[in-house]
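Asker: Need a 3D model of the sequence below.
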Amino acid sequence: MDTEAMTSRKQELRRQLRARRTRTYRDEAGQRRRAEEGRRLLEHASPLIALVERAAAEAPAPPRVAAFHPTPTEADVMPLARRLAAAGAHLVFPAAAGRQLEWITWDGVSEFVDSPGRGFGKEPTGQRLGPTALADARLVLAPAVAVDRSATRIGHGAGYYDRALRAVSQDAMVVAVIHPDELLEAGSLPRGAHDVPIPHVLTADGIVRLVTSARP
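Answerer: You can find the predicted model right below:
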């Protein structure tokens, strides 16, 4: 698939997947479903919490964890973010900075404010660490529109996370947090040369380890 055809295919898939997400989660019943899935997501995240607790106990500095503030129809990762902060994590959240992300610290309790970046939800008001903060991350919780079982992620289209994830250490655990029906069959999503494979997915149904060696 050439670059132009791949871009067009991604745009169409993104439109379809976002529309489905909106239909499922935008109304009152959808928000109740999202809240319940958020509770289940937290239950299934116990291995991630244990990872952070071990790292906090063993390392001289709190382990850095990247999370994101979800939009109203994204999977609700905030209960997990609060639990990780309580477990001793040093939380950072993304903010737009030109064509890349920079990272802002969050203390686990402070309020978030509206982000000026389109599609970024909200951001904390803590210390800005610049665009290289993920190099020190132990765990990265990343948003996605969908991920397939060959570890291909489709994001919101600007390439922010693909660029950011290239700075992540091989020792870090990278997990996309999505709704259960957004984990698709292998090969469902096109992968380009600049798309970073995602090793793990967390949904309300559990954590799934993906085959990152699958074909682009």
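
Asker: Show me the residue sitting in the middle of this structure in space.
Answerer: Geometric centre of the chain, nearest residue: residue 142, 1.5 Å, by C-alpha atoms, centre = their mean.

Asker: which residues does that one contact?
Answerer: 66, 68, 153, 161, 165, 174, 175, 176, 177, 198 (C-beta atoms under 8 Å, 6 or more residues apart in numbering). In short, each C-beta sits where N, CA and C put it, glycine included.

Asker: okay, those in JSON lines with neighbour count and distance to residue 24 next?
Answerer: Below are these laid out as JSON lines (neighbours: other C-beta atoms under 10 Å; distance: C-beta to C-beta, whole Å):
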{"residue": "66", "neighbour count": "28", "distance to residue 24": "26"}
{"residue": "68", "neighbour count": "23", "distance to residue 24": "20"}
{"residue": "153", "neighbour count": "25", "distance to residue 24": "20"}
{"residue": "161", "neighbour count": "25", "distance to residue 24": "23"}
{"residue": "165", "neighbour count": "21", "distance to residue 24": "27"}
{"residue": "174", "neighbour count": "22", "distance to residue 24": "25"}
{"residue": "175", "neighbour count": "23", "distance to residue 24": "22"}
{"residue": "176", "neighbour count": "27", "distance to residue 24": "18"}
{"residue": "177", "neighbour count": "26", "distance to residue 24": "16"}
{"residue": "198", "neighbour count": "22", "distance to residue 24": "22"}
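
Asker: Which strand residues bridge the residue nearest to the centre of the chain?
Answerer: residue 176 (DSSP bridges).

Asker: What's the separation between it and residue 4?
Answerer: 26 Å (C-beta to C-beta, to the nearest Å).

Asker: And for residue 181?
Answerer: 29 Å.

Asker: what's the answer for residue 72, then?
Answerer: Distance from residue 72 to residue 4, by C-beta to C-beta: 33 Å.

Asker: Tell me which of those two has more neighbours.
Answerer: Set residue 72 next to residue 4 and count neighbours by other C-beta atoms under 10 Å: residue 72 wins out with 12 against 8.

Asker: Touching, the more buried one and residue 25? I think so.
Answerer: Yes: Residue 72 is within contact range of residue 25, at 7.4 Å (criterion: C-beta atoms under 8 Å).

Asker: shared neighbours, the two?
Answerer: residue 31.

Asker: max-length helix in this protein?
Answerer: Longest helix in the chain by number of residues, with DSSP state H as the criterion: helix 3-25.

Asker: What's the mean pLDDT across that one?
Answerer: What helix 3-25 shows for mean pLDDT is 92.

Asker: Give me the contacts around that helix.
Answerer: Identification of contacts with helix 3-25 by C-beta under 8 Å, 6+ apart yields 1, 30-31, 33-34, 72-74, 145-146, 154, 156-157, 179, 181-182, 189-190, 192.

Asker: In helices only, show me those residues.
Answerer: Per DSSP H, the contacts of helix 3-25 map to helices at 30, 31, 33, 34.

Asker: out of these, which is most surrounded?
Answerer: Result: residue 34 is most packed of the ones in helices among the contacts of helix 3-25 (other C-beta under 10 Å), 21 neighbours.

Asker: and that residue, what pLDDT?
Answerer: On the pLDDT scale, residue 34 gets 97.
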